[in-house]
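Peer 1: take this sequence and fold it.
(chains A and B)
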Amino acid sequence: MTTDTGEATMGTEAALATTADDLPPGTTGSERLSALAQQHGALVTLVIAMIIASLTFDTFLTGDNLENMALSSAFLAVVALGMTFVIVTGGIDLSVGSLFALGGVLAAWGSQYGTAVALLLPLAVCGLVGLVNGLLIARSGLAPFIVTLAAMLAARGVLLALTDEGSRTYLVDKGSFFVELGQGSLLGIGVPVWITVALFALGALVLRRTRFGQYVYAVGGNQDAAALMGAPVTRTKVAVYTLSGLCAGLAGALNAAWLASGVTILGTGMELEAISAVVIGGTLLTGGFGFISGSLVGVALLKVIQNVINQIGSLDSAYQQVVSGAFLALVIVAQTWLGRRQRVL
Amino acid sequence: MLTVTGLCKSFPGVRALSDVDFAARAGEVHALVGENGAGKSTLIKVLTGVYQPDAGEVTYNGTPVRFATPLQAQQAGISTIYQEVNLVPLMSVARNLLLGREPRSRLRLIDFRRMHREAEETLRSLGIRVDVRRPLRELGVGAQQMVALARAVAVDARVVIMDEPTSSLEPREVSTLFEVIRTLRERGIAVVYVSHRMEELYEICDAVTVLRDGTVVHTGRLADLDRLHLVSLMLGREIGEVRREGLTKFAGSHDAAAEPVLQAQRLTARHRLHDVSLSLRPGEVVGLGGLLGSGRSETARAIAGALPVDSGRVVVAGAPVRAGSTPAAIRAGISLLPEDRKTEGIVPGLSVRENIALAALPGLSRFGLVDDARIDRIVDTFMKRLRIKASSPHQKVGELSGGNQQKVLLARWLALHPKVLLLDEPTRGIDVGAKAEVQALVDELADEGLAVLLISSDTEELIEGSDRVVVLKDGAVVRELTGDAVTEDELMRAIADVPEGGPHG
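Peer 2: Purely as a prediction, here's the structure:
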């Protein structure tokens, strides 16, 4: 190597510039393409699915149907928003389905004391559960899967205790302002949809443009490196699980306002739906990569599939889950494939 | 700038550092060298706050310090570049470079335009030009290393510790790195440089500290120390020391006239091996010499199909072996006893019997059913022959001593009736008595007609155990010692030797 030192004189800039371009010829183009597919694949699929659905069913592209879909997507979307942060850190939150139901019941019960209580009580309780999840995961190093599974069971238990094993349903007073949050509309679009859009805009800003957002990506991308680079790993993890709890609680409360009651049987399996939506939206389950907007698209896509199957009518609604499941499997296979293409260099 | 005095650090059963003094001075590149287990990594980890010293003092800028975490050391201005790049591959270069220090607008939102500009400027000042918007993983390893270095310097480091930064770099990337190191030196930063490559040390380093068995055996200006001397300090052997026969349990030489049973031809693997060729005859023990990182283990792994090669081939008894496939190599009769038996060989929770039978199982079963009686016979034979000390064949291997674990591994491979045995550090970490037994066993096996490739950092063991020694350096064969030239002196000379016409010859 002593003889190689002559090369140093050829200029370090040139030496390194060539290094970066050392990729085999042609890869850059297809690599960009797979990156694009990863980012916008869900959106393209959504557009195609909507075109096919509107061509097949006259009833699909009507104002009523679209508004219905938007409304029923809104609650899942808010849950998926929190889940996106968790998954980008490389974690998972299984407690959100239970927290969603618990939030709804707490909101319905609290609504008798006014809108503020109806909103703040579920936020406080669900946020607290999320905080505990985060502390256990980040400080004790327990697996997110186990910790949030325990929280899911515990929250479901609390819910059953509050409602006498599900036999008591708390109703929300129809005339209250709280119900307006769920049933009201602005410019012809339901309030929950507005709230969801606003939250997603805020969430995207936080993840993309704040230091906290960068830490979320760094922790998910390489936790050890993030720690060595001085990122507050523990704090970031606690924050994302708390955020996820808050989102689930809020979604539950809005749902209760929409239904004007706290329904206990809701939310079962919702955590899996939210995870599906996030993954379909292009976020890597392994963490370190993902976008807020993708999760919104993922939710929309799941709801469109559901809607189409409902429209077919002759198909049992149980097939919804079969199709959603098959679709999820497809997306994960595609992601793995795309990821491999980008990594094989 | 950063000094340690009287540093001691012990781990259960091992004294990793004893009474170590070390000083990194501003504007100086200080080489830290030593063979495996000499205590280099432990010293680095104490300096960077990963480990706490048992005794001794670390002084930084004249005041005693104690870093509880790597983060604290970093904040104080001590940055470390690890062998593996410690950045986030999915994030862009600029984000990696400025994580936690991103420029922000008044609304506390990140200003990406400014961030990219700052990142570009930082990198350019070190002579590095890359697109800072691209994800880090799209860059070559060298460029990634450079970004890590830029990050280390950008956080106002006063001391930069580099742990084998060049191990995965191309020669031209190395020269870029050296330019950067020179820039750092001019800025008055203290650099601690760990490497095994002689040329690099002599090219870039001003001072040197040699560690051996946890103690400092030499410290001073590198220019005052010639290569041969440096190698002898690292290996702990005197130049011209009389070769004393019979220190190890190896007997004399073996028959060397037969046709080669194994031929490795021009094995090449990017960054690791360059045109390595060697041949083994039945009944012959060939040693692989060289310093740590010279490609000894890589050669063995390439022959055994465990390291994918870019070119070259392995021929056993005249028939080529499919490259990059361990099963193919095993079928051809090549057995590798890996260096790290804990992670790569032994299954500690299984019994002696199960561990021995593991590799031979496919051959011992009929219609998918295992023939217990046959296994018992084989296990019994090998336990007796290799003198494995276990309470019964059903004792868990994890409970055995290191030497006996090694013998169990050996038995596992011998049960396959190999033609070629590759032994990577077979006596590391086992006690003296067991060491002698393993050495005697290697001899016996060779006498029975097995071809053995022996890798050992213990020069004495290597010289006395081998009929020939192939010396590797930076992944290439530099010399082959045969006959009377198989001595420790010659080995050290071969390792220290520079290519013809080199400035340090």
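Peer 1: just give the nearest non-adjacent residue to the residue in the stretch 1-150 of chain B that chain A sits nearest to, would you?
Peer 2: Across the stretch 1-150 of chain B, no residue is closer to chain A than B:Val88, which sits at 3.6 Å (CB to the nearest CB). C-beta here means a position set from N, CA and C on the backbone, and glycine is covered the same way. In space, B:Val88 comes closest to A:Gly221 once its chain neighbours are excluded; the distance is 3.6 Å by CB to CB, 6 or more residues apart in numbering or on different chains.
Peer 1: and for A:Asp173?
Peer 2: Once flanking residues are discounted, A:Asp173 sits nearest to A:Ser111: 6.5 Å by CB to CB, 6+ apart.
Peer 1: what about the closest residue to chain A within the stretch 201-350 of chain B, helix or strand, and which?
Peer 2: Across the stretch 201-350 of chain B, no residue is closer to chain A than B:Glu203, which sits at 6.5 Å (CB to the nearest CB). Take DSSP states H and E as the rule and B:Glu203 turns out to sit in helix B:198-204.
Peer 1: ok so, going back, wait, is the residue nearest to A:Asp173 part of a helix?
Peer 2: Yes: according to DSSP: H, G, I helix; E, B strand; the rest coil, A:Ser111 belongs to a helix.
Peer 1: thinking again about what came up before, pLDDT score for the residue of the stretch 1-150 of chain B closest to chain A?
Peer 2: B:Val88 carries a pLDDT score of 86 in this model.
Peer 1: in this structure it contacts B:Arg137, no?
Peer 2: No: the pair formed by B:Val88 and B:Arg137 falls short of the contact definition of CB atoms under 8 Å, at 9.1 Å.
Peer 1: comparing the two, which shows the higher neighbour count?
Peer 2: Neighbour count, other CB atoms under 10 Å in any protein chain shown: between B:Val88 and B:Arg137, B:Val88 has more, with 27 against 16.
Peer 1: the more buried one: what secondary structure?
Peer 2: Per three-state DSSP, the local secondary structure of B:Val88 is coil.
Peer 1: re earlier: mean confidence for the helix holding B:Glu203?
Peer 2: Averaging pLDDT residue by residue across helix B:198-204 gives 84.
Peer 1: for it, which positions count as buried?
Peer 2: Along helix B:198-204, these residues count as buried under the neighbour rule (16 or more other CB atoms under 10 Å in any protein chain shown): B:Met198, B:Glu199, B:Glu200, B:Leu201, B:Tyr202, B:Glu203, B:Ile204.
Peer 1: same deal with stretch B:133-149?
Peer 2: Going by neighbour count (16+ other CB under 10 Å), the buried part of stretch B:133-149 is B:135-149.
Peer 1: what ranges does chain A have for its helices?
Peer 2: A:12-20, A:27-56, A:63-88, A:96-110, A:115-140, A:144-162, A:177-183, A:191-209, A:211-221, A:223-228, A:233-259, A:270-280, A:292-312, A:318-343 (DSSP state H).
Peer 1: just those helices: most buried one?
Peer 2: The highest mean neighbour count among the helices of chain A, using mean count of other CB atoms under 10 Å in any protein chain shown, belongs to helix A:96-110: a mean of 30.
Peer 1: against which helices or strands is that helix packed?
Peer 2: Using 3 or more CB pairs under 8 Å, 6 or more residues apart in numbering or on different chains; DSSP states H and E, the elements in contact with helix A:96-110 are helix A:63-88, helix A:115-140, helix A:144-162, strand A:170-171, helix A:233-259, strand A:261-262, helix A:270-280.
Peer 1: my guess is B:Ser18 meets B:Arg212, correct?
Peer 2: No: applying CB under 8 Å, one finds B:Ser18 not in contact with B:Arg212, separated by 11.3 Å.
Peer 1: now the stretch 101-250 of chain A against chain B: closest residue?
Peer 2: For the stretch 101-250 of chain A and chain B, the shortest gap (CB to the nearest CB) falls at A:Gly221, measuring 3.6 Å.
Peer 1: surely that residue meets B:Leu90?
Peer 2: Yes: applying CB under 8 Å, one finds A:Gly221 in contact with B:Leu90, separated by 4.5 Å.
Peer 1: which parts of the stretch 101-250 of chain B sit against chain A?
Peer 2: Applying CB under 8 Å from any CB of the partner chain, one finds that the stretch 101-250 of chain B approaches chain A through B:102, B:104, B:108-110, B:112, B:127-131, B:134, B:137-140, B:142-143, B:146, B:151, B:155, B:170-176, B:178-180, B:197, B:199-200, B:202-203.
Peer 1: quick one: secondary structure of B:Leu17?
Peer 2: Look at B:Leu17: counting by three-state DSSP, its state is strand.
Peer 1: looking at the buried residues of stretch B:133-149, which are in helices?
Peer 2: Secondary structure assignment (DSSP H) places B:Val141, B:Gly142, B:Ala143, B:Gln144, B:Gln145, B:Met146, B:Val147, B:Ala148, B:Leu149 from these within helices.
Peer 1: and the gap between the fourth one and B:Leu87?
Peer 2: Per CB to CB, to the nearest Å, B:Gln144 is found 7 Å from B:Leu87.
Peer 1: and for the two, which residues touch both?
Peer 2: With CB atoms under 8 Å, 6 or more residues apart in numbering or on different chains applied, the overlap between the contact sets of B:Gln144 and B:Leu87 consists of B:Leu136.
Peer 1: so what's the residue nearest to A:Ala256 when sequence neighbours are not counted scoring on pLDDT?
Peer 2: Using CB to CB, 6+ apart and skipping residues adjacent in sequence, the residue nearest A:Ala256 is A:Gly104, 3.9 Å away. With respect to pLDDT, A:Gly104 has a value of 88.
Peer 1: do the same with B:Ser253
Peer 2: Each residue has a pLDDT score; the one for B:Ser253 is 50.
Peer 1: same check, this time on B:Val498
Peer 2: Looking at B:Val498, its pLDDT is 47.
Peer 1: JSON lines for the helices and strands packed on helix A:96-110, including mean pLDDT?
Peer 2: What follows is the helices and strands packed on helix A:96-110, written out as JSON lines (pLDDT from 0 to 100):
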{"stretch": "helix A:63-88", "mean pLDDT": "89"}
{"stretch": "helix A:115-140", "mean pLDDT": "90"}
{"stretch": "helix A:144-162", "mean pLDDT": "89"}
{"stretch": "strand A:170-171", "mean pLDDT": "78"}
{"stretch": "helix A:233-259", "mean pLDDT": "91"}
{"stretch": "strand A:261-262", "mean pLDDT": "78"}
{"stretch": "helix A:270-280", "mean pLDDT": "87"}
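Peer 1: so which of these gets nearest B:Ile378?
Peer 2: Smallest distance to B:Ile378 across the helices and strands packed on helix A:96-110 (CB to CB): 42.9 Å, for helix A:144-162.
Peer 1: Provide the angle between the direction of the closest one and the direction of helix A:270-280.
Peer 2: With axes from the mean of the first three to the mean of the last three CA atoms, to 10 degrees defining the directions, helix A:144-162 sits at 140 degrees from helix A:270-280.
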